[in-house]
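Asks: Sequence plus the predicted model coming up.
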Amino acid sequence: MTIAGTSTAAPVVALRGVGKTFANGVTGIDNFDFSVREGEFVTLLGPSGCGKSTALRIIAGLSEASRGEVEWPAQSNKQAIGFVFQEPTLMPWASVTANVRLPLKLQGLSETQSSPRVAQALELVGLGAFAGAYPRELSGGMKMRASIARALVTEPKLLLMDEPFAALDEITRFKLNNDLLALWRNLGKTVIFVTHSVFESVYLSQRIVVMTSRPGRVSSEMTVDHSYPRDESFRTSAEYAGFCRKASAALGEATTAAGGGA
Amino acid sequence: MNERVLRIVLPVAVLALGVAVWDLVVRFAELPPYVLPSPGLVLGTLVSDWNLLFGSLGVTLLTTFEGFLLAAIGGVGLAVLFNQSRLIEYSLYPYAVILQVTPVVAIAPLLLIYLPQQAAVLACAWIVAFFPVLANTTLGLNSVDHNLSALFRLYGASRARVLMNLKLPAAMPHILGGLRIAGGLSLIGAVVAEIAAGSAGAGSGLAYRIAESGYRLNIPRMFAALLLLSLAGIAIFFVLSWINHLALRNWHESAVKQER
């Protein structure tokens, strides 16, 4: 079996020396070099406020880089992005179906054209039975599932996830971690995942990019060389603990190198 | 007794008590009707003058409704315009405020000089009622979830799409709140204008009836007309609250029933 995202695969997007200085003079990220290959699951790991989200928003085109280049070898990929925010960010006045349909509606698809794809996306995240529910009727985990379904409904190549599970309880988070890995493997997406949790980053990703804070730079990179599928036995293994220790050390190094600005 | 029953029984009991005290005061002090009519006489006048008063109620309610409709369209329309163009907002917003803070009682006589009476009355109702709609809609349009607007940008939504599918629905609770205030205010605007017009010797709305009855010392009819006005205000409030509830019951915290 070949694991997606080997070094031979083409890069989907690459950031070269990207910097972002906000209007108030704060530099979010600086000299940020990063690339992700097709099919890869990469995590940006760093303390809160280190510019992880800024990097993600620049990739998504929601924010403009002040310096440096964002390269898209295949321009079509630039249009095929799914974004999952830290909060579920659902429209409270619309049903789950209408929320998931939104991206297709904005692309100009009619209801009959989009309905099968919406139903399929809801099935993927296990929300088929809640299609008609309103967001307030859902639990935190289910709202996040709806949010993921919305990101998947356009069948994007690249999925950007900005600390999507940070606000969830641990049980729900573990469950969603597993479901996300299953989705990634089945759908063959490229995922850039942002988190401040060492444990989550190790469990999910093939590669971890550790960031310094203020300004956010790449401090170090490590690969999590363990095959998929990963499950609870991986989460409780000594190997997992070893990776976590390594990632923690890298994170500690990154924060002290930047003057302990955590 | 549970809370729902209490919420109906208690105000009704207060009303009954008030009416009883009123009646007793009139009886024992032997007050003549032109000083203070008894509740029975007021009700009797309401019945005997029903045709006259009901016609006037229709006139006032029509003005109120038209004023309210114009306020709703004008308020929401201006807010959307302000939201789309900063230049227009900066140019016009101060004048919207000035229109609001100048007492309508003072504007009404002037409007009656320059406009036909019906138009002047309508203009008054509009002036009083449109500002809460404008202010609330502006607040609503500006308090859209930032991540949701980012999402719309990500999928390349046009301005019209953002307005129709994001901003207006998000602002709906605020808009409806503004409309609820505007409903009561347009009745006030209509009444103020009618009274101003009435002193100029024309008009047939309920407020004009009150002014006219005052000149003729027909105090029972004044009370009857006042009662109708007050009932009209209550009815407007309940209709708008009901619309508010229907529109928001599925999603907004203010309308969603809490399970305890």
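Replies: Happy to help now that I have it.

Asks: for chain B, what are the nearby residues on the stretch 151-262 of chain A?
Replies: Neighbours of chain B within the stretch 151-262 of chain A, by C-beta under 8 Å from any C-beta of the partner chain: A:T154. Every residue, glycine included, has its C-beta placed from N, CA and C.

Asks: What segments of the stretch 151-262 of chain A are strands?
Replies: A:158-162, A:190-195, A:207-211, A:218-223 (DSSP state E, counting those that start in this stretch).

Asks: Count the residues that sit near residue 172.
Replies: Answering for chain A, as no chain was given. Residues contacting A:T172 under the criterion other C-beta atoms under 10 Å in any protein chain shown number 17.

Asks: sorry, should have said chain B
Replies: With other C-beta under 10 Å as criterion, B:M172 counts 18.

Asks: which ones are touching it?
Replies: B:M172 makes contact with A:93, B:140, B:247-248, B:252, according to C-beta atoms under 8 Å, 6 or more residues apart in numbering or on different chains.

Asks: Just those: which are in strands?
Replies: Per DSSP state E, strands hold no members of these.

Asks: domains in chain B, as residue ranges please.
Replies: For chain B, automatic domain parsing gives the domain ranges B:1-30, B:41-248.

Asks: winner for burial among the ones you listed?
Replies: Of all these, domain B:41-248 has the most neighbours on average by mean count of other C-beta atoms under 10 Å in any protein chain shown, namely a mean of 19.

Asks: Poorly predicted segments of the stretch 1-150 of chain A, please.
Replies: A:1-8 (pLDDT under 70).

Asks: rerun at 80
Replies: A:1-9, A:49, A:75-79 (pLDDT under 80).

Asks: any idea how far B:R209 is from B:N218?
Replies: Distance from B:R209 to B:N218, counting by C-beta to C-beta, to the nearest Å: 9 Å.

Asks: Looking at the contacts of B:M172, spot the one nearest B:I127.
Replies: B:G140 (21.7 Å; C-beta to C-beta).

Asks: Three-state assignment for A:F34, please.
Replies: strand (DSSP: H, G, I helix; E, B strand; the rest coil).

Asks: Quick one: neighbours of it, just the number.
Replies: 21.

Asks: Let's see the pLDDT reported for the residue in the stretch 151-262 of chain A that chain B sits nearest to.
Replies: Taking C-beta to the nearest C-beta, chain B has its nearest neighbour within the stretch 151-262 of chain A at A:T154, 7.7 Å off. Looking at A:T154, its pLDDT reads 92.

Asks: Check the contact between it and A:L104; I expect there is one.
Replies: Yes - here A:T154 lies in contact with A:L104, judged by C-beta atoms under 8 Å, at a distance of 6.7 Å.

Asks: tell me, what's touching those two both at once?
Replies: With C-beta under 8 Å, 6+ apart, A:T154 and A:L104 have no common neighbours.

Asks: Now do the longest helix along chain A: which elements does it pack against?
Replies: Across chain A, the helix with the greatest residue count (assigned by DSSP state H) is helix A:238-257. Applying 3 or more C-beta pairs under 8 Å, 6 or more residues apart in numbering or on different chains; DSSP states H and E, one finds that helix A:238-257 makes contact with helix A:198-204, strand A:207-211, strand A:218-223.

Asks: got the ones you listed as a markdown table, with distance to A:K246 columns?
Replies: Listed next are the helices and strands packed on helix A:238-257 as a markdown table, based on distance: least, C-beta to C-beta, whole Å:
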| stretch | distance to A:K246 |
| --- | --- |
| helix A:198-204 | 8 |
| strand A:207-211 | 9 |
| strand A:218-223 | 6 |
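
Asks: can you list these in CSV and add mean neighbour count and distance to B:F238?
Replies: Shown next, in CSV, are these (neighbours: other C-beta atoms under 10 Å in any protein chain shown; distance: least, C-beta to C-beta, whole Å):
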stretch, mean neighbour count, distance to B:F238
helix A:198-204, 23, 52
strand A:207-211, 24, 58
strand A:218-223, 16, 62
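
Asks: which bits of chain B sit near chain A?
Replies: B:145, B:147-148, B:150-157, B:161, B:165-166, B:169-170, B:172, B:250-253, B:256.

Asks: Make JSON lines from the helices and strands packed on helix A:238-257 and add mean pLDDT and distance to B:T102 to it.
Replies: Shown next, in JSON lines, are the helices and strands packed on helix A:238-257 (pLDDT from 0 to 100; distance: least, C-beta to C-beta, whole Å):
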{"stretch": "helix A:198-204", "mean pLDDT": "93", "distance to B:T102": "60"}
{"stretch": "strand A:207-211", "mean pLDDT": "94", "distance to B:T102": "58"}
{"stretch": "strand A:218-223", "mean pLDDT": "90", "distance to B:T102": "62"}
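
Asks: nearest to A:R16, of these?
Replies: Per C-beta to C-beta, nearest to A:R16 of these: strand A:218-223, 11.8 Å.

Asks: what sits against residue 220?
Replies: Using chain A here. Contacts of A:S220 (C-beta under 8 Å, 6+ apart): A:210, A:250, A:253-254.

Asks: Hmm, no, I was thinking of chain B.
Replies: Contacts of B:P220 (C-beta under 8 Å, 6+ apart): B:33, B:37, B:41-42, B:44-45.

Asks: Would you mind measuring the gap between the ends of stretch B:23-42?
Replies: 11 Å (C-alpha to C-alpha, to the nearest Å).

Asks: what does it contact?
Replies: Outside stretch B:23-42, the residues that touch it by C-beta under 8 Å, 6+ apart are B:19, B:22, B:45, B:217, B:219-220, B:223-224, B:227.

Asks: These: which two are farthest apart?
Replies: Longest span within the contacts of stretch B:23-42, C-beta to C-beta: B:V19 and B:L217, 23.1 Å.

Asks: And for the closest residue to A:P11 other than its chain neighbours, the neighbour number?
Replies: In space, and not counting its chain neighbours, A:P11 is closest to A:S35: 4.7 Å by C-beta to C-beta, 6 or more residues apart in numbering or on different chains. Per other C-beta under 10 Å, the neighbour tally for A:S35 reads 15.

Asks: so A:S35 makes contact with A:V18?
Replies: No - between A:S35 and A:V18 there is no contact, the gap being 11.2 Å when judged by C-beta under 8 Å.

Asks: so A:A14, which of the three states?
Replies: Per three-state DSSP, A:A14 ends up strand.
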